[in-house]
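> Next comes the sequence, and after it the predicted model I'd like to discuss.
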Amino acid sequence: MLMKKLLFAVISLLLVGCSINSTFVYKPNAPVGGVQKLPVKVAVLPFKDGTEDFIERRNVYNFAKGGIRQTITALTPDLWAKAFADDLAASGSFQAVRFIYSLSELVDEDIYIEGTLKRATYAWIYGYPNEYSLSLSAMRRGDNRPFWEEDVAKVWRTTNTDAEGKCGVFSVQCVVGGIHADSNQVMQELFTAARIDLLHTLALPSASQSKVDDRLPATSPSTAPSESVGAEIDKILH
């Protein structure tokens, strides 16, 4: 019975015709304090859809291709790209970050980032696995050659205890908000992991690297680069 609580709540919504805010709006990670801003301008292009060709299959939804009626709108690849750009900008780690629709919109950016959304599945029933997976790469604007590639992913399960004590059976907006918050948190975690790895590649000194974010462990070197940050970035970008 508990495992069907989420489904029952949304069925109740459809029956009574309540007005629920289902539009997903990504909320970036909080700005990172005490981090040296890199003299790098970044552009993020729309991500590709590499997910399986289905919308709903055996109580699992593919959010890249569709959302859940009156519960959450689709988390499409372009939404992921915009969200990643917002997250990079909010971190304060780069000189500038913006989302663009095509390479023709590049102006003075040093690098641009492309990506493929590989998995964006969310289970409708407690205990089923959810999975978000993203493949990213960064290119130099001058020669369009990738210098950074990273895959980030998370598989997790929503349990009945996640909603216990928070939402009643008929607290539909509470249940819907929980799905939005769950997706937002996992996206934040994936973006954090990707940002840390990108900063590491761009030779952010280890003294500042440790302050980038403590939400996820970073695989940073034990010693700081011997050359300046600017020199290291110049090597990568040129």
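Arrived safely.
> Where is the longest helix in the chain?
If you go by DSSP state H, the chain has its longest helix at helix 172-201.
> Can you tell me how far the residue minimising distance to the centre of the chain is from A194?
Against the mean C-alpha coordinate of the chain, by CA atoms, centre = their mean, the closest residue is M187 at 3.2 Å. Separation of M187 from A194 (CB to CB, to the nearest Å): 11 Å. Yep, even glycine has a C-beta here, placed from its N, CA and C like the rest.
> just N130 next, same as before
Distance from N130 to A194, by CB to CB: 19 Å.
> same question, A181
21 Å.
> Where does the prediction get shaky in this protein?
Scanning the chain for pLDDT under 70 picks out 1-18, 160-166, 168-170, 203-238.
> any idea where the strands of the chain begin and end?
Applying DSSP state E to the chain gives strands spanning 38-44, 48-49, 56-57, 60-62, 94-99, 111-123, 129-140, 146-157.
> Which of those sits closest to W80?
strand 111-123 (5.4 Å; CB to CB).
> The closest one: partners in the sheet, and parallel or antiparallel?
If you go by DSSP bridges, strand 111-123 pairs up with strand 38-44 (parallel), strand 48-49 (parallel), strand 60-62 (antiparallel), strand 129-140 (antiparallel).
> re the thing from before, pick out whichever of A181 and A194 has more residues nearby.
The neighbour count for A181 versus A194, taken as other CB atoms under 10 Å, is higher for A194 (24 against 11).
> list the contacts for the more buried one?
F84, L134, L136, E150, V152 (CB atoms under 8 Å, 6 or more residues apart in numbering).
> what residues are up against the closest residue in space to the second one that isn't next to it in sequence?
Just to be clear, that refers to L134. Leaving aside its sequence neighbours, L134 sits nearest to V152 (CB to CB, 6 or more residues apart in numbering; 5.3 Å). Contacts for V152 (CB under 8 Å, 6+ apart) come out as S133, L134, L136, L190, F191, A193, A194.
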